[in-house]
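In: Turn this into a model:
(2 chains)
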There are 2 protein chains.
Amino acid sequence: MGAPVEFWFEFASTYSYPAAERVEAAAASAGVALAWRPFLLGPIFRAQGWNDSPFNLYPAKGRYMWRDLERTCDALGVPFRRPSAFPRNGLLAARVACRFADEPWCPAFVRAVYRANFADDRDIADPAVVGACLEAAGQPAAERLATAGEDASKALLRAQSERAAALGLFGAPSFTVGDELFWGNDRLEAALAFARRAG
Amino acid sequence: MGAPVEFWFEFASTYSYPAAERVEAAAASAGVALAWRPFLLGPIFRAQGWNDSPFNLYPAKGRYMWRDLERTCDALGVPFRRPSAFPRNGLLAARVACRFADEPWCPAFVRAVYRANFADDRDIADPAVVGACLEAAGQPAAERLATAGEDASKALLRAQSERAAALGLFGAPSFTVGDELFWGNDRLEAALAFARRAG
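Out: Residues are numbered from 1 along each chain as shown, chains lettered A, B, ... in the order given. The predicted model follows:
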């Protein structure tokens, strides 16, 4: 067993979707322990002067990203439809995922939220949509949403987002092994290899 | 033989270095024809409001890039030393590479320029350094530099950079197969696979 890998994701982030789909199997196959780390990218973007996604601010990059994401999802065999709104507000879903990160059902919830956004074009800011994702993961929606709305849950996500910034994260998905940072869905394999060597 | 791949590189671009080191062998092994396409990224960056490398404008991203580049070069087995100045002006080297792109010695020249910048910390804006790279590729430096300084050579690089922008390029290295764009050293394999299917 190598060192653990922390998987940092943001529900508004496009490339976090294929990463969330494949990270669990990839880590298991590499024999590396995995921790799910939802965080908010908004404060990090705002700190470097962006009030919108860089994919909207830089249209050539945005056009490329949508095409590249489509290819990436195709290659992975996961459904993809470009959402009618981007980026969507993933705050509520992130509070749920952060509060329940260690529960065995959490990865299924995370993937359900990504599919709602990037395959079914649903508004993941809507508590009813997040609730449906909880139910898809076998959870009582109203009860979990109430817990996610508690001050303690809000503080937990805030602290985790601050830790992300302190680790030097500037985009999502990212992977960390201790202080070692890997950015992008396409760095998952490098992060796992590093974790195996560091273990 | 699949469709040809065009390899777009900028001498100031950090990730173009490992790409230039591995592209020839990777294309040959995939059975895909390769065209070398030097271009200038400066005008594209300026058009989106950047007057410096994004790695300087966004320090967290820059810190990550240097570490990630070091890992990438290590894994590839190519020497790397962080240059004392970044980005360096690759205009003259790009004019040489553009004018002589189809010559069999050109890839060796390109790699010599990248090593001068990213392994030996030499100033590739200096004609003496570019001349040494020409000599390392078995070429008469003064004669080639004179040709690269002709108006026709300047116009050739300008037209190629305009074509890069028209193809939607926003960073380097990039790969194109017809109109299909792939961005980043880590997309080389995807570009080659696409070219094979398109052939």
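
In: And for A:Ala164, the neighbour number?
Out: Here the neighbour count serves as a burial measure; for A:Ala164 (other Cβ atoms under 10 Å in any protein chain shown) it reads 24. Backbone N, C-alpha and C define where each C-beta goes, glycine included.

In: buried residues in the helix or strand where it lies?
Out: When elements are assigned from DSSP states H and E, A:Ala164 belongs to helix A:151-166. By neighbour count on 16 or more other Cβ atoms under 10 Å in any protein chain shown, the buried set for helix A:151-166 is A:Ser153, A:Leu156, A:Leu157, A:Gln160, A:Ser161, A:Ala164, A:Ala165.

In: surely the fifth one meets A:Pro43?
Out: Yes. Taking Cβ atoms under 8 Å as the contact criterion, A:Ser161 and A:Pro43 are neighbours in contact, 6.2 Å apart.

In: residues making contact with the helix or strand hosting A:Ala19?
Out: Taking DSSP H and E as the definition, A:Ala19 sits inside helix A:16-30. Under the criterion Cβ atoms under 8 Å, 6 or more residues apart in numbering or on different chains, residues A:2, A:5, A:7, A:9-10, A:33-34, A:69, A:72-73, A:76, A:78, A:80, A:107, A:110-111, A:114-115, A:117-118, A:172-173, A:185, A:188-189, A:192-193, A:195-196 lie in contact with helix A:16-30.

In: Could you rerun that using 6 Å?
Out: A:7, A:9-10, A:34, A:72-73, A:76, A:78, A:107, A:110-111, A:114, A:118, A:172-173, A:185, A:188, A:192 (Cβ atoms under 6 Å, 6 or more residues apart in numbering or on different chains).

In: ok, of the residues you listed, which come out buried?
Out: Burial of the contacts of helix A:16-30 was assessed by neighbour count (16+ other Cβ under 10 Å); the buried members are A:7, A:9-10, A:34, A:72-73, A:78, A:107, A:110-111, A:114, A:118, A:172-173, A:185, A:188, A:192.

In: In chain A, which helix is the longest?
Out: Across chain A, the helix with the greatest residue count (assigned by DSSP state H) is helix A:59-76.

In: Now do that helix: which elements does it pack against?
Out: Applying 3 or more Cβ pairs under 6 Å, 6 or more residues apart in numbering or on different chains; DSSP states H and E, one finds that helix A:59-76 contacts helix A:16-30, helix A:54-57.

In: can you do 8 Å?
Out: helix A:16-30, helix A:54-57, strand B:180-183 (3 or more Cβ pairs under 8 Å, 6 or more residues apart in numbering or on different chains; DSSP states H and E).

In: how big is the angle separating it from helix A:16-30?
Out: Between helix A:59-76 and helix A:16-30, the angle comes out at 40 degrees (axes from the mean of the first three to the mean of the last three Cα atoms, to 10 degrees).

In: Would you indicate which residues of helix A:59-76 are buried?
Out: Residues of helix A:59-76 classed as buried by neighbour count (16+ other Cβ under 10 Å): A:Ala60, A:Lys61, A:Gly62, A:Tyr64, A:Met65, A:Asp68, A:Leu69, A:Arg71, A:Thr72, A:Cys73.

In: From those residues, pick the one nearest A:Ala47.
Out: The nearest member of the buried residues of helix A:59-76 to A:Ala47, counting by Cβ to Cβ, is A:Lys61 at 19.7 Å.

In: Can you verify my assumption that that closest one contacts A:Pro54?
Out: Yes. A:Lys61 is in contact with A:Pro54 according to Cβ under 8 Å; the separation is 6.5 Å.

In: Show the contacting residues for the spatially closest residue to A:Leu41 that is not a sequence neighbour.
Out: The shortest distance from A:Leu41 to any residue that is not its chain neighbour, by Cβ to Cβ, 6 or more residues apart in numbering or on different chains, is 4.3 Å, and that residue is A:Glu10. For A:Glu10, the contacting residues are A:Ser16, A:Pro38, A:Phe39, A:Leu40, A:Leu41, A:Gly90, A:Ala94, A:Ala172, A:Pro173, by Cβ under 8 Å, 6+ apart.

In: what bridges to the second one?
Out: Legend: beta-bridge partners of A:Pro38 under DSSP bridges are A:Phe9.

In: which residues are there in chain A that come within reach of chain B?
Out: The interface of chain A toward chain B, taken as Cβ under 8 Å from any Cβ of the partner chain, is made up of A:44, A:48, A:58, A:60-61, A:63-64, A:67-68, A:71, A:75, A:168-171, A:181-184, A:186-187, A:190.
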